[in-house]
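# Sharing a model that was predicted from the sequence below.
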Amino acid sequence: MHWWQVQFKVTHEAAEAVAALLQEFPDLQGVQLEGIANVHIPHPEYGEWFDEMIVPTDGVEVSVYFPEGHEPKVIRARVLEVVERVAASGLDVGANARNIRIDSVDDSTWLNAWKEHYHPIPVGDELVIVPIWNLSDLPEDLASRKPIIVEPGMAFGTGTHQTTHLCTQALSELDLSGANVLDVGTGTGILAIAAARLGASHVTAIDIDPVAVDAAHQNVEHNALSDVITVQEGNLLSGYAQDARFDVAVANILRDIVILLLPQVARRLNPGGYLLTSGYIDTQAPAVEAALLNEGFRVAKRYQKDDWMAILAVKD
């Protein structure tokens, strides 16, 4: 299907007002804003990684899409009216706000371009992370592996990050047969699915982000593992039952969140249980190891890929 892509740039102070008026158009499905203000600092609990080098931008790029049946001159007039209404309210819309670009785009092009970035990823000796559109055409050398089927476009956790590889490798080295596993900060659910594929009898997958929870639910369904994996939304520190006990816990988040989790995870692991943590680089690992020792864990193995680390610890 073809769409009219409309783009223009406004100031940070005018962006929200422009977006609010555009969202009143009944023929628009949403408004995309791209730009970083000084006050927009991403919270680590909601994502996997954010670039520490991101800097504020000098404006906000506004993008909206109209169905192809609209006349471009009519679209331009409607968008200009929005800009003028915001300017009339006293907000500075910026010098480029009236420079409105309108291009015809094909949504099948977006989809194909997105898919080109993702391919099956073998992990360890047994597993392969498979984008859902590659499931039927896996190469012969990967077809015999246990698949972790994901829809990468939905949320955090595409399977391409080093820590996902490290955690999946570490899980594949454990005997998870019949294990009760906890995956904190599950994202798209890749590690929860990996644990289930490796024999866990039940996996509890938790994330604070509702978008991630929806993505994990869908990926669990794609893998036909709804009877093994329970996905739930909750605070990373209190999202699971107080009396629950686990054989293995996984936390691939960020260093500070991992350290905050340790006391509660320690109380919920069975004796001899494993805690697998990642989401931090090698220079941050000593702080995690010190916290692990304070909570009664013993480091069993360290994994590293590039600068990223994963630590497998045992509860003594």
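Great, that's in hand. Residues are numbered from 1 along each chain as shown.
# Count the neighbours of the nearest residue to residue 185 once chain neighbours are set aside for me.
Once flanking residues are discounted, residue 185 sits nearest to residue 253: 4.1 Å by Cβ to Cβ, 6 or more residues apart in numbering. Quick note: C-beta positions are derived from backbone N, CA and C, even for glycine. Around residue 253 there are 26 other residues, counting by other Cβ atoms under 10 Å.
# so how far is residue 26 from residue 253?
To residue 26, residue 253 is 40 Å away according to Cβ to Cβ, to the nearest Å.
# now residue 62
From residue 62 to residue 26 the distance is 18 Å (Cβ to Cβ).
# quick one, which of the two is more surrounded?
Shown here are residue 62 and residue 26; by other Cβ under 10 Å, residue 62 has more neighbours (25 against 5).
# Give me the contact list for stretch 74-84.
4, 6, 8, 10, 18, 21-22, 25, 64, 66, 93, 97-98, 100, 102 (Cβ atoms under 8 Å, 6 or more residues apart in numbering).
# send the alpha carbons of it over as CSV?
C-alpha atoms of stretch 74-84 as CSV (Å, rounded to 0.1, in the frame of the first residue of the first chain):
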residue,chain,number,x,y,z
VAL,A,74,-4.7,19.4,0.7
ILE,A,75,-2.4,17.6,3.0
ARG,A,76,0.1,20.5,2.9
ALA,A,77,-2.7,23.0,3.7
ARG,A,78,-3.9,20.9,6.7
VAL,A,79,-0.4,20.5,8.2
LEU,A,80,0.4,24.2,7.6
GLU,A,81,-2.8,25.1,9.5
VAL,A,82,-1.6,23.1,12.4
VAL,A,83,1.8,24.9,12.4
GLU,A,84,0.1,28.3,12.2
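# in that stretch, what counts as buried?
The neighbour-count check on stretch 74-84 (16 or more other Cβ atoms under 10 Å) flags 75, 76, 78, 79, 82, 83 as buried.
# same check, this time on stretch 9-19
9, 10, 11, 12, 14, 15, 17, 18, 19.
# Wait, the last one touches residue 31, no?
Yes - in this structure residue 19 lies within contact range of residue 31 using Cβ atoms under 8 Å: 4.5 Å.
# returning to what we had before: output the buried residues of stretch 74-84 in CSV, with distance to residue 210, pLDDT and secondary structure appended to each entry.
Converted to CSV, these look like this (distance: Cβ to Cβ, whole Å; pLDDT from 0 to 100; DSSP: H, G, I helix; E, B strand; the rest coil):
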residue, distance to residue 210, pLDDT, secondary structure
75, 32, 94, helix
76, 36, 95, helix
78, 32, 95, helix
79, 31, 95, helix
82, 29, 95, helix
83, 32, 96, helix
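# from those, which is closest to residue 222?
The closest of the buried residues of stretch 74-84 to residue 222 turns out to be residue 75 (Cβ to Cβ; 37.4 Å).
# Mind picking the two most distant members of the buried residues of stretch 74-84?
Pairwise distances across the buried residues of stretch 74-84 peak at 12.8 Å for 75 and 83 (criterion: Cβ to Cβ).
# List the residues that contact residue 34.
With contact set as Cβ under 8 Å, 6+ apart, residue 34 has these partners: 60, 61, 63.
# Can you read off the pLDDT for the last one?
Read that as residue 63. Residue 63 carries a pLDDT value of 92.
# Could you chop this protein up by domain?
If you go by the TED database, the domain ranges for the chain are 2-112, 118-315.
# Pretty sure residue 305 sits against residue 167.
No - applying Cβ under 8 Å, one finds residue 305 not in contact with residue 167, separated by 10.5 Å.
# which residues are contacting the host helix or strand of residue 275?
Element membership for residue 275 (DSSP states H and E) is strand 269-281. The contact list for strand 269-281, computed with Cβ under 8 Å, 6+ apart, reads 48, 163, 166-167, 170-171, 174, 185, 245-255, 257-258, 262, 265-266, 288, 292, 297, 300, 303, 307-316.
# Sort out which of those are in helices and list them.
Among those, the ones falling in helices (DSSP state H) are 163, 166-167, 170-171, 255, 257-258, 262, 265-266, 288, 292.
# Any quick PyMOL command for the buried ones out of those residues?
To isolate the buried members of the ones in helices among the contacts of strand 269-281 in PyMOL, using 16+ other Cβ under 10 Å:
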select buried, resi 163+166+167+170+171+255+257+258+262+265+266+288+292
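# could the ones in helices among the contacts of strand 269-281 go into TSV alongside pLDDT?
Supplementary listing: these in TSV, determined by pLDDT from 0 to 100:
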residue	pLDDT
163	88
166	92
167	94
170	95
171	95
255	86
257	86
258	90
262	92
265	90
266	91
288	95
292	96
